[in-house]
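S.K.: the sequence and its predicted three-dimensional model are supplied below.
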Amino acid sequence: MPDFTVLTVCLPQATPTDKLGTAAAAALACHGITDAGPAGHFLTTAKVRTGKLLQPWNGTAAGGPVKLLDLERMRADAHQRYWNRWQLWYQIAAGSPAAKPWWHFYDRHTASPDKYTWDHAVQGFLNQPRITRMRTYNSHPGRLTNLPIEHLDAFEAGPQAYATYGWLQAVPSQGLFTLDGKLLRPQSARHTDQLSYLQRANEHITALAAADHLVAIATR
């Protein structure tokens with residue numbers, strides 16, 4: 001199965017419904033992002049006005065005006081999901097020594113690549129007992145969910161911070177194209193960079209008018 005990245009595109013209220021998908025794809029193409037198509041990312045509040053939504057299906061849509069998208073329920077659902085995931089992570093990680101995040105090993109490698117090779121960095125990170133526990137759990141076919149090892153910093157911040165992290169990610173996802181033509185994305189996978197991106201993205205979404213559009217695009 002291919003890996004997809006979901007990006008959220010903001011479009012002005014004057015954009016016709018039947019042009020939402022092509023307008024969003026064209027906006028991303030200006031940033032070199034192609035091979036993209038609409039994704040059913042949003043929950044909706046619409047019961048009968050589905051003609052104003054892009055690809056409505058069973059209470060979801062790939063886009064439409066902000067007033068018809070149930071952004072608050074998306075955020076609440078993500079908050080609860082991340083809260084539950086943290087509780088599970090805590091059970092799995094309990095009693096293991098605190099682990100260093102990947103960037104600690106990556107920075108050491110980039111500072112001295114000849115002495116501390118890429119393989120040294122990877123093995124140094126993966127061989128930590130807490131990471132081993134997470135990977136072992138993720139390997140089980142009966143797991144309730146994945147415990148992303150790239151979320152280590154976020155897990156370590158505690159249950160409320162991790163749940164809020166989910167709330168922040170729910171709408172903008174992995175990138176946001178703004179009304180003024182900017183593409184906001186995290187500078188790296190580091191938790192601090194993720195939070196900086198999510199703060200800017202959510203501030204922009206909050207400032208949208210009710211008739212402005214949000215469109216979710218999946219790219220390979």
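M.R.: Alright, I've got the coordinates.
S.K.: counting contacts, what elements does the helix or strand hosting residue 37 pack onto?
M.R.: In this assignment (DSSP states H and E), residue 37 forms part of strand 36-38. Counting by 3 or more CB pairs under 8 Å, 6 or more residues apart in numbering; DSSP states H and E, the packing neighbours recorded for strand 36-38 are helix 20-29, strand 213-219. Heads up, the C-betas are built off the backbone N, CA and C, glycines and all.
S.K.: most tightly surrounded among the ones you listed?
M.R.: Highest mean neighbour count among the helices and strands packed on strand 36-38 (mean count of other CB atoms under 10 Å): strand 213-219, with a mean of 24.
S.K.: that strand pairs with which strands?
M.R.: Partners of strand 213-219 in the sheet, by DSSP bridges, are strand 5-11 (antiparallel), strand 36-38 (antiparallel), strand 63-65 (antiparallel).
S.K.: tell me how far the ends of stretch 92-102 are from each other?
M.R.: Its start and end residues considered, stretch 92-102 measures 19 Å (CA to CA, to the nearest Å).
S.K.: so what touches it?
M.R.: Here stretch 92-102 makes contact (CB atoms under 8 Å, 6 or more residues apart in numbering) with 125, 128-131, 133-134, 137, 147, 149-150, 152-153, 155-156, 189-191.
S.K.: again, only using 7 Å
M.R.: 125, 128-131, 133-134, 137, 147, 150, 152-153 (CB atoms under 7 Å, 6 or more residues apart in numbering).
S.K.: can you flag the buried ones in the residues you listed?
M.R.: 125, 128, 130-131, 133-134, 137, 147, 152-153 (16 or more other CB atoms under 10 Å).
S.K.: need the residues you listed in JSON lines (columns: distance to residue 101 and secondary structure).
M.R.: Putting those into JSON lines (distance: CB to CB, whole Å; DSSP: H, G, I helix; E, B strand; the rest coil) gives the following:
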{"residue": "125", "distance to residue 101": "8", "secondary structure": "helix"}
{"residue": "128", "distance to residue 101": "10", "secondary structure": "coil"}
{"residue": "130", "distance to residue 101": "11", "secondary structure": "helix"}
{"residue": "131", "distance to residue 101": "10", "secondary structure": "helix"}
{"residue": "133", "distance to residue 101": "15", "secondary structure": "helix"}
{"residue": "134", "distance to residue 101": "12", "secondary structure": "helix"}
{"residue": "137", "distance to residue 101": "18", "secondary structure": "helix"}
{"residue": "147", "distance to residue 101": "14", "secondary structure": "coil"}
{"residue": "152", "distance to residue 101": "5", "secondary structure": "helix"}
{"residue": "153", "distance to residue 101": "5", "secondary structure": "helix"}
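S.K.: closest to residue 14 among those?
M.R.: residue 153 (41.1 Å; CB to CB).
S.K.: does that closest one really touch residue 191, like I thought?
M.R.: Yes - under the criterion of CB atoms under 7 Å, residue 153 makes contact with residue 191 at 3.6 Å.
S.K.: can you give me the end-to-end span of stretch 135-150?
M.R.: 11 Å.
S.K.: distance of residue 121 relative to residue 174?
M.R.: Residue 121 sits 24 Å away from residue 174, taking CB to CB, to the nearest Å as the criterion.
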